[in-house]
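A predicted structure for the sequence below; I have some questions about it.
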Amino acid sequence: MKILQFAKEWKSTAKELVSHSFVFAQFLSLLHLSHTYICSPTLVYGPSMLPTLNFTGDVVLVEKLSTLLGRVGSGDVVLVKSPENPKKTITKRIIGVEGDTVSFLVDPANTDRFHSIVVPKGHVWIQGDNIYASHDSRQLGPIPYGLILGRVFCRVWPPEDFGPLRPLE
Amino acid sequence: MASQSFIWNLAKTYFTAGLIGLTVSDRYASFMAVRGFSMSPTFNPHDKKTSGIVLDDYVLVEKLCLEKYKFSQGDVVVFRSPTNYKQKNVKRITALPGDWIHLSSFDTVKIPKGHCWVEGDNAACSEDSRSHGPIPLGLICGRITHVVWPPQRIGRVDGKITEEGTLPL
């Protein structure tokens, strides 16, 4: 009799446990999906985007939808998986999309020599706003579109710079 | 009234299941169909002449390898095509960063940092690194471990290199 009662109690506890873990799993899934498909906050730092983004570190919102739909075009600031190290992400501005002809200074610190190149199919040309301290398509070549993770659309930190990023003049 | 709440419950259940299912397929493992003959002895081992109805192979793709991007020579991977981000290709990794690869038509190529060399098992009809060069590891979105359908072909996909000549020496 006692065992039966014990089993009954245990059963209700187990049921509760299952339902709780289910809710927890649901919450985590929602978090994951909004992170990968809609929008996520990211910390970016470094000198390569200097007039637009600060050197010391900004928190920006990155939206993923326009990347998935293929709406990312030239002029957008994007988060890209680095082709040299897939665990690292870099923030750059798209200068040209497939079929565009882009001209760029090879070594802006020393010479005025510049090159022109046609961006191949399915690739984009990315460059930092600070051309003197940026490791980008000028060294890496055109980047496959599949490496783009999302479009930076808003800065949330530091608070005095809150708002959309200014376009390149 | 009762039927309305029934429909509401049903919708909620489906929504939750979809949420969790999508998360699992994103983060851990998913199924996909392999089309085409570029991996022919490993997947879809049909002859073009004999097949009346061609059944695609369904495979299990594990995504856990994406956390560290640790791959070994001979792994069969799914990656986004560098020329079209919407298209996914299935090929076998034959060389990793730092390896040298010998090609008959080109010279020896060194695989750059963060890239890999992919080739189809069926060299005759495969569009791979031999035509568009090494691909960035960041484009890889999973490793194929098992064939799950059709039933007579269920089994592991082993990481061997089937053809001589594709093996970099």
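Perfect, I can see it now.

which residues sit in contact with residue A:147?
A:80-81, A:83, B:136, B:138-139 (C-beta atoms under 8 Å, 6 or more residues apart in numbering or on different chains). All C-beta spots, glycine's among them, are computed from the backbone N, C-alpha and C.

By neighbour count, which of those wins?
If you count neighbours using other C-beta atoms under 10 Å in any protein chain shown, the busiest of those is residue B:138, which has 28 neighbours.

Could you report the separation of the nearest residue to residue B:91 once chain neighbours are set aside from chain A?
Spatially, and ignoring its direct neighbours in sequence, residue B:91 is nearest to residue B:118 (3.8 Å; C-beta to C-beta, 6 or more residues apart in numbering or on different chains). Computed as C-beta to the nearest C-beta, to the nearest Å, the residue B:118 to chain A distance reads 13 Å.

For chain B, which residues are neighbours of chain A?
In this structure, chain B approaches chain A at residues B:16, B:19-20, B:22-23, B:26-27, B:68-69, B:80-86, B:112-115, B:135-140, judged by C-beta under 8 Å from any C-beta of the partner chain.

How about the backbone phi and psi for the residue nearest to residue B:91?
When read as degrees, to the nearest 10, the backbone of residue B:118 gives phi -120, psi 140.

How about the contacts made by residue 112?
You didn't say which chain, so I picked chain A. residue A:105.

actually it's chain B I care about, not the one you picked
Per C-beta under 8 Å, 6+ apart, neighbours of residue B:112: A:84, B:97, B:134.

change it to 6 Å
Residue B:112 makes contact with no residue, according to C-beta atoms under 6 Å, 6 or more residues apart in numbering or on different chains.

per-residue confidence for it?
As predicted, residue B:112 sits at a pLDDT of 89.

Am I right that it is in a strand?
No: going by DSSP: H, G, I helix; E, B strand; the rest coil, the assignment for residue B:112 is coil, not a strand.

What distance do you get for it to residue A:102?
For residue B:112, the distance to residue A:102 equals 21 Å [C-beta to C-beta, to the nearest Å].

What are the boundaries of the helices in the chain?
In the absence of a named chain, this looks at chain A. A:2-33, A:65-68, A:137-140 (DSSP state H).

oops, chain B please
Applying DSSP H to chain B gives helices spanning B:2-27, B:129-132.

ok, back up a step: list buried members of the residues of chain B next to chain A by neighbour count.
For those, a burial check counting by 16 or more other C-beta atoms under 10 Å in any protein chain shown picks out B:16, B:19-20, B:22-23, B:26-27, B:80-83, B:85, B:114-115, B:135-140.

what's the longest strand along chain B in contact with?
Longest strand in chain B by number of residues (criterion: DSSP state E): strand B:84-95. With contact meaning C-beta under 6 Å, 6+ apart, strand B:84-95 is reached by A:122, A:145-146, B:34, B:39, B:71, B:75-81, B:101, B:111, B:116-120, B:128, B:166, B:168.

among these, which are in strands?
B:34, B:76-81, B:101, B:116-119.

Closest to residue B:59 out of the residues you listed?
Ranked by distance to residue B:59 (C-beta to C-beta), the ones in strands among the contacts of strand B:84-95 are led by residue B:34 at 5.8 Å.

Chain neighbours aside, what residue packs nearest to that closest one?
Residue B:34 sits nearest to residue B:43 (C-beta to C-beta, 6+ apart), 4.4 Å away.
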